[in-house]
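**Student:** I would like the atomic coordinates for the input below:
(2 chains)
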Amino acid sequence: MSQPTAPETLGSLTDETPVDPNSKASQEIAGKSPLRIAAGRLLKDKIAMACAFVILFFILIAIFAGVISDFFGVNTDTQSPSQFLDVLNGGMPKPEYGPPNGGFTMDHPFGIAPRSADDNLAYWLYGARTSLMIATGATLFATIVGIVVGLLAGFLGGVVDRVLSFFVDTFLTVPFILAALTIAPILNERFNDSDNYPTIQKFSLVAVLALFGWMGMARLIRGEVLSLREREFVQAARVLGMPTSRILFKELMPNLAAPIIISVSLMLPAFVAAEAGLAFLGIGVTDGASWGRTISFATTYFEQYPLYLWEPLIGVVLLVLSLNLLGDAIRDALDPKTRR
Amino acid sequence: MFAYLVKRLISGALVLTLVSMAIFLLFWYGPSSPAQTICDRETSNRCGNRIEIYERTLGFDNPVHEEYLKWAKGVFVGRDIQIASTTYECDAPCLGVSYLTKQPVSEELVERLPATVSVAIGGAFLYLLFGIPIGVAAARRRGSVADKALVSSFLFLSSIPYYLFALLTWLYLTVLWEAPFVSDTGYFPITENPAKWFGGMFLAWVALGIFGCTQYTRYSRGSMVEALSEDYIRTARAKGLPERTVVYKHGLRAALVPVVTIFGIDFGTLLAGTIFTERIFDINGIGFWSLQAVQAKDLPVVAATALFSAVLLIISNLIVDVIYSVLDPRVRLS
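**Tutor:** You can find the predicted model right below:
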């Protein structure tokens, strides 16, 4: 897929201006790997770069959530409600702390949540951390499973391929949301009293997302391996007596970089959206900061306090949108057919 | 053809059995005790030793394979379920008794089915109604400014998570502006008041339709572009057929085959659970019910809805495969 066409096979059909083989320009061209070419193209794509900056911004927020919230002097501890809330107004925060859109104070830049009097900024910052941590964890697991299954199914073929493909097809028919819905009450029953419940919940969320997210990767890799294993360099390696594991990792893996990057770019935004969606439904993160959880709380107060809803919502939309658009740009950049 | 059908049916039945076993095992070994939630509920969280009574009457002290067979038999011929000192009759297809209402789960499921079916049919209809014409129009004007604007704006729209799009639609139109016609979303039985049913469903359909049609526009545009570059289209044009006939009769027919198969799977997914749509628009269907059951820890309901959805998905996949093999003989011959 990502093998560059050698200049000599193009012959005179190419519309590129012929380069003197000894000139500096030709040496630069000769030294570029397909991934290098793609990276170069990506760097020139303005939308992709803007998205990359947005993503970097969120990653920095996720990593330094603690430092940033200390800097603003906020935290996720429960505040004293009477100080911030207007009890006569159904537990809405006092006007200076948020609703509807004004009331800015430096103490609580994003406002205060109704009823609980939690600080919105702290929850927003830690929400970014939860979101990215779970999405990255799930992507990592799903990638490993997908690569292993895809490699084995594609390279070994036969019964192994049939069994693995059966699993891929079966998992593809079950939407992950159903699985999450089924597992949530069981986990709750079993670990509700445990001190580690929030941690267990996050880990099982990663597990569920990964368990129902690896199939796309496995399919893509399998297809790629099926065509690669008939290629001369793999057959040559076999004839030379290279052990299978070495063929898989030294010969095939480098050629799978493009499909792996493409699948990862599809998985990440899907997992970010899924995490927030499950928390919104009350079956994801139910303890601790999550954008989806805040969105679910804020829906009730939308009429009086739209800002409370918009903060986490913009977080999710911006992150998912930039991940999606960047992924799209990466796919375009890696596709040899769009080579300009 | 017959051999292919039999093969697909057997593998479908196999998957169904495996899924039902997986769900059964999950609810058997998953909780600390499968009877814990009902015991907690009935004794107001002072379960203690009384768990044994519940485990014995519900059969959770028997070997798991015996109970699975009993459960499977109940699906076909019905059975009696004993909880503590009361026995509940559960007719076929018996999927258990709800811990919350003590009603057979399958009866409640049938009650809520019309709401989910309404959402799915309306939404899926709009997928096609918006998606295919826009896709065909874009394919005919491929490369024009309008086409490029459409493709990029739809890419943008489909990059936003669906539930946020639906939530904002509902919050603004129904809650904030109380727009006429959609001011009260929810499910109202069609037999009682068709106008109210339509009004309650309308916004959910539109939200589903607009969001889903982005995908269908992409599919139908892609396959239409491919179809329009075929030789037989050139032949049709060359023999002087009017452009309408060329595009709609010759081009669209070929282009629709892949779109229809994707539609089949999507429709099954919609039927299996429009959880976000039902939660946001307050539609009391199966998805909403399963969410309530999760909050109430009503395990038989959760297990039954999961199984029901899985069955629907497997069946819709099977139907799609069969239709596809009719449309494209290469599939069943390979």
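**Student:** so where's the stretch 51-200 of chain B shaky on pLDDT?
**Tutor:** Confidence mapping of the stretch 51-200 of chain B against pLDDT under 70 gives zero matching residues.
**Student:** Spell out which residues of it are next to chain A.
**Tutor:** In this structure, the stretch 51-200 of chain B approaches chain A at residues B:155-156, B:159-161, B:163-164, B:167-168, B:171, B:175-176, judged by C-beta under 8 Å from any C-beta of the partner chain. C-beta here means a position set from N, CA and C on the backbone, and glycine is covered the same way.
**Student:** mind listing which of these are in helices?
**Tutor:** Residues of those located in helices (DSSP state H): B:155-156, B:163-164, B:167-168.
**Student:** picking up where we left off before, what about burial for the residues of the stretch 51-200 of chain B next to chain A, which qualify?
**Tutor:** Buried by 16 or more other C-beta atoms under 10 Å in any protein chain shown: B:159-161, B:163-164, B:167-168, B:171, out of these.
**Student:** quick revisit: and the residues of the stretch 51-200 of chain B next to chain A, which two are furthest apart?
**Tutor:** B:Leu155 and B:Val175 (29.0 Å; C-beta to C-beta).
**Student:** so where is the stretch 51-200 of chain A shaky, pLDDT-wise?
**Tutor:** Residues of the stretch 51-200 of chain A that meet the cut-off, pLDDT under 70, sit at A:78-91, A:94-107, A:117.
**Student:** can you do 50?
**Tutor:** With pLDDT under 50 as the threshold, the stretch 51-200 of chain A has no low-confidence stretch at all.
**Student:** Do a quick rundown of the strands in it.
**Tutor:** Counting by DSSP state E, counting those that start in this stretch, the segments of the stretch 51-200 of chain A that form strands are A:85-86, A:92-93.
**Student:** Pretty sure B:Phe276 sits against A:Gly277.
**Tutor:** Yes: under the criterion of C-beta atoms under 8 Å, B:Phe276 lies in contact with A:Gly277, with a separation of 6.8 Å.
**Student:** Now the common contact residues for those two.
**Tutor:** When contacts are counted by C-beta atoms under 8 Å, 6 or more residues apart in numbering or on different chains, B:Phe276 and A:Gly277 are jointly contacted by B:Tyr163.
**Student:** could the ones in helices among the residues of the stretch 51-200 of chain B next to chain A go into JSON lines alongside distance to B:Thr87?
**Tutor:** Compiled in JSON lines, those are given as follows (distance: C-beta to C-beta, whole Å):
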{"residue": "B:Leu155", "distance to B:Thr87": "58"}
{"residue": "B:Phe156", "distance to B:Thr87": "58"}
{"residue": "B:Tyr163", "distance to B:Thr87": "42"}
{"residue": "B:Leu164", "distance to B:Thr87": "47"}
{"residue": "B:Leu167", "distance to B:Thr87": "44"}
{"residue": "B:Leu168", "distance to B:Thr87": "49"}
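**Student:** and stretch B:172-189, how far from the chain's centre?
**Tutor:** On the basis of C-alpha atoms, centre = their mean, to the nearest Å, stretch B:172-189 sits 24 Å off its chain's mean C-alpha point.
**Student:** what do you get for stretch A:303-322?
**Tutor:** Using C-alpha atoms, centre = their mean, the distance between the centre of stretch A:303-322 and that of its chain works out at 18 Å.
**Student:** mean confidence for it?
**Tutor:** Stretch A:303-322 comes out with an average pLDDT of 87.
**Student:** is it true that B:Ile81 lies in a strand?
**Tutor:** Yes: secondary structure assignment places B:Ile81 in a strand (DSSP: H, G, I helix; E, B strand; the rest coil).
**Student:** wouldn't it be in contact with B:Ser98 here?
**Tutor:** No: under the criterion of C-beta under 8 Å, B:Ile81 makes no contact with B:Ser98, lying 10.6 Å away.
**Student:** measure the closest residue to chain A within the stretch 1-150 of chain B to B:Val302 for me?
**Tutor:** In the stretch 1-150 of chain B, the residue that lies nearest chain A is B:Gly30 (3.7 Å; C-beta to the nearest C-beta). Shown here: B:Gly30 relative to B:Val302, a distance of 11 Å by C-beta to C-beta, to the nearest Å.
**Student:** Of the two, which one has the most company?
**Tutor:** B:Val302 (27 against 16; other C-beta atoms under 10 Å in any protein chain shown).
**Student:** Could you pull up phi and psi at the more buried one?
**Tutor:** Dihedral pair for B:Val302: phi -60, psi -50, per degrees, to the nearest 10.
**Student:** Can you report how many residues neighbour the spatially closest residue to it that is not a sequence neighbour?
**Tutor:** Once flanking residues are discounted, B:Val302 sits nearest to B:Ala293: 5.0 Å by C-beta to C-beta, 6 or more residues apart in numbering or on different chains. The criterion is other C-beta under 10 Å. On that basis, B:Ala293 has 24 neighbouring residues.
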